[in-house]
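> Pasting the sequence and the predicted model now:
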Amino acid sequence: MRTVDPASLKPVGQDDVIVFVRLTRALATNLRVYPAGHSIVQAVAGRVGDRVDSMLEVTPMVLVGAETSLLTINNDSIYKACDEQSFSIELAAWLRERGVTNVLIQPGSGADELLRLFAWLHTTAPEVARVATAKGVPTELGLNKIEVNVQALTKEQEIRQTLERMDLAPILEKAGLQGEVDWTQTDLGRLAKEGKLDDLVDGTRMEAFVDKYFTERFEATASANASSRLAPADIDEILARLQQDLQPVQAPQLDETIGAKAAEAVAKMMPDLVSSYLATELPTGDGPASKVRVGVLEQLRGDIDKQGHVLGQLGTHLSGATDASRGLGCLHAMESLVPQALAAGDRTAAFEAVGTIALTTLPGKPEELRSRAKMSLRYLASPELVGNLLHQLQTAAPTDRQNTRDLLRVLGPYAVPTLMEEMRSSMRRGVRDELLEVLIHVGRKAQMDGDDPGRVLEPLFRELDNHAHNPWYFTRNVVAILGELGGQAFQVKLTTLLGDGVDPRIRTEAARALIRANSDLSRRSLREIAFAGQLDAPGVALVVPFLMRIDTDSTLPALKAMLLDKGCLAEHSEAALGGLTLDMGDKVLPLLKRVLTERTGLLKRPLFPKEVRLAAVDALSLLDGKEAASLMKTAGADKSPALRRRVTEAQGRKRGAFTEQLKQKLQMSA
């Protein structure tokens, strides 16, 4: 295998790296579903080829590396906080699993060669691929312009090349390191003259030198500043000084080493110094300071204890930020650290940080900062993070759940589509109930802030027009949210869900919401459906007592007509009489007496159907007192054997237990 000098690999743009990662992941994903010859796979492969051709216009060759956690292109990885960072990690791991550490792409390779390589990697078992890639790749793949596992110069080789071109003595003197890492001017000079520099220099010592260089200078610079702040400008200055010391250097991987060591040095400082560094203005462009900042955030990922402290300090910096530049630096860092804190189980730190970001959106802060804070909340309200929170809500200890709920409520206004989809798709009642409460909170907060909840929750309410194609429990929950928020416009929307073709459970929830509104419109709409058989049993038990309370004179005849109708379902008569009794108590005795005793015709047959009279006995058994006992005794002497048996059953029941049983039966099921 031939080696490649990193100096021949020209840097490509950050956008090129991001788009290449995005397209390559899409190619690998589509190969799981479609064969290599499918038009979709061919189209994606063509786009990958186009992006490679674009990069080859600025560099003689493209080296895709998978040796580190992030995929690299010509030794450059994604350093921006974006979704593609996780894609990059995923792709690099996928390649390493198959024994691929790097892929060298030369001009003229074309999309076909890339597709053949990825299709082979996908269809070959990882353990088989590892054996094959150790020798290259099968020749039958016909890869003429693509090579796998080309040997790049090692870090030690690069360092040795660099040191052969430079005199380290002045650098060590400036760094104040004579003797501290066993390097002295005398030794260096003697070894250099004797040509034995290779015996002294190795990667470990070079890293120790760079590490020491940065650690001392960063801490000294931060201590010298009155505010103990380490700004990007300070890093730029220190990096420029080191680059000048290391001139002439033509080794891109050494540049990467320097940047990585700078990030490590910052991350190793005390949490207050790290947070003060992150709470400064964002570096501009794609220079070293930008890479160091991203490197610091990456270093914190593995230090859970420091991560929480830094996040808390950033919240303090953000609260006190009077200029937008410092606040923007805080928000950028918090966007990265909040998901990390949640992943580590530090819900308190994450909640406090998100709460501080939410407060930054309020009037009184610079408009640029308020706008970015809203963007940060939208970024944090990603489906992945919301899904993580919902999972934690179901698995966390009870003492931790309230913080998780509060966090969901803060993110709620920025995550309505995600919360809506979770409420639609989740098969777990507990999750749906939690989401219902979060969305109600979002609507109420909008009202308190003088905003229109219909606008904030518009994606959710729009689904009411599509109720026939959604799970009934999803539409019912949307209706419940409307009912909690009230308002004339919402009431009009609710009345459209009372007609034919709507699941009775949805109609019942709409009825519940209209009862809460208690307006002329709601009462009129409920009266039209209460006795028409359009509600389920819980709906009847809910609506009939409400109408009886507000207008007995017009409700009683309608109720009597429903009970006399032989088509009336037994569960509806039970719900009407049971619901009235539970709601009104002894006031319903005259109605029960009429149902049990009224007769008609020459043969004096009972006026009401048998099922209605049996329901009346059950309702009567809920009541205590002489009048109720007397009426039960009368029913027990009725000519109907069925009625007498029901009375015997009723007298043998425990009233309290039966009352609870009936209440549970008349509640809405989920």
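Now that the structure is in, tell me what you want to look at. Every value quoted in this text rests on a predicted model; they were computed, and no experiment measured them.
> Isn't residue 663 up against residue 581?
No - counting by C-beta atoms under 8 Å, residue 663 does not reach residue 581; the two are 11.1 Å apart. In this view, the C-beta of every residue, glycine as well, is placed from N, C-alpha and C.
> between these two, which one's more packed in?
residue 581 (26 against 14; other C-beta atoms under 10 Å).
> following the strand or helix carrying that one, which helix or strand shows up next?
Residue 581 is part of helix 570-584 when elements are defined by DSSP states H and E. Counting by DSSP H and E, the next helix or strand C-terminal to helix 570-584 is helix 589-597.
> Check which helices and strands that next one sits against.
helix 552-564, helix 570-584, helix 610-620, helix 626-636 (3 or more C-beta pairs under 8 Å, 6 or more residues apart in numbering; DSSP states H and E).
> Out of those, which gets nearest to residue 24?
Comparison of the helices and strands packed on helix 589-597 against residue 24 by C-beta to C-beta identifies helix 570-584 as nearest, at 59.9 Å.
> Next one: residue 647 from residue 574, what distance?
16 Å (C-beta to C-beta, to the nearest Å).
> SS state for the residue located most distally from the centre of the chain?
Farthest-out residue of the chain from its mean C-alpha position, per C-alpha atoms, centre = their mean: residue 602, at 72.7 Å. Here residue 602 is recorded as coil under DSSP: H, G, I helix; E, B strand; the rest coil.
> The chain should start at 25 in everything you say after this.
Sure, I'll start counting at 25 from here, so that last one is residue 626.
> What's the local residue count around residue 599?
25.
> Report the secondary structure element holding residue 88.
strand 86-89.
> Can you name every helix or strand that that strand contacts?
helix 63-80, strand 96-97, strand 126-129.
> okay if I get the ones you listed as CSV plus mean pLDDT, mean neighbour count and distance to residue 534?
Compiled in CSV, the helices and strands packed on strand 86-89 are given as follows (pLDDT from 0 to 100; neighbours: other C-beta atoms under 10 Å; distance: least, C-beta to C-beta, whole Å):
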stretch, mean pLDDT, mean neighbour count, distance to residue 534
helix 63-80, 88, 18, 44
strand 96-97, 86, 23, 56
strand 126-129, 88, 22, 59
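> Now for the nearest residue to residue 435 once chain neighbours are set aside: which residues touch it?
In space, and not counting its chain neighbours, residue 435 is closest to residue 405: 4.3 Å by C-beta to C-beta, 6 or more residues apart in numbering. Going by C-beta atoms under 8 Å, 6 or more residues apart in numbering, residue 405 touches 435, 436, 438, 439, 442.
> Apply 10 Å and report the result again.
The contact partners of residue 405, taken as C-beta atoms under 10 Å, 6 or more residues apart in numbering, are 378, 413, 432, 434-443.
> now swap in residue 568 and tell me
Applying C-beta under 10 Å, 6+ apart, the residues near residue 568 are 550, 554-555, 559, 579, 582-583, 586, 596, 599-604, 607.
> Name the nearest of these relative to residue 458.
residue 559 (27.5 Å).
> Doesn't the closest one lie inside a helix?
No - assigned with three-state DSSP, residue 559 falls outside any helix and is coil.
> That one against residue 539, yeah?
No - Residue 559 lies out of contact with residue 539 (C-beta atoms under 10 Å); the separation is 11.9 Å.
> Need the overlap of contacts for the two.
550, 566, 567.
> Mind checking what secondary structure the last one has?
What it means is residue 567. helix.
> per-residue confidence for the residue nearest to it when sequence neighbours are not counted?
Counting by C-beta to C-beta, 6+ apart, residue 567 lies nearest to residue 554, which is 4.6 Å off, once chain neighbours are set aside. pLDDT recorded at residue 554 is 83.
> So residue 554 versus residue 145, what's the distance?
Relative to residue 145, and taking C-beta to C-beta, residue 554 is found at 66 Å.
> For whichever strand or helix holds residue 505, name the packing helices and strands.
Secondary structure from DSSP H and E places residue 505 in helix 496-509. Using 3 or more C-beta pairs under 10 Å, 6 or more residues apart in numbering; DSSP states H and E, the elements in contact with helix 496-509 are helix 440-449, helix 453-472, helix 477-480, helix 482-486, helix 512-519, helix 528-541.
> Residue ranges in the stretch 75-224 of the chain under the pLDDT threshold?
Along the stretch 75-224 of the chain, the parts satisfying pLDDT under 70 run over 103-107, 175-224.
> at 50 what do you get?
178-191, 193, 195-224 (pLDDT under 50).
> need the helices for it, in chain order.
108-121, 134-147, 150-157, 179-188, 192-199, 209-218, 221-224 (DSSP state H, counting those that start in this stretch).
> where are the low-confidence patches of this protein?
25, 178-191, 193, 195-230, 250, 270-278, 692-694.
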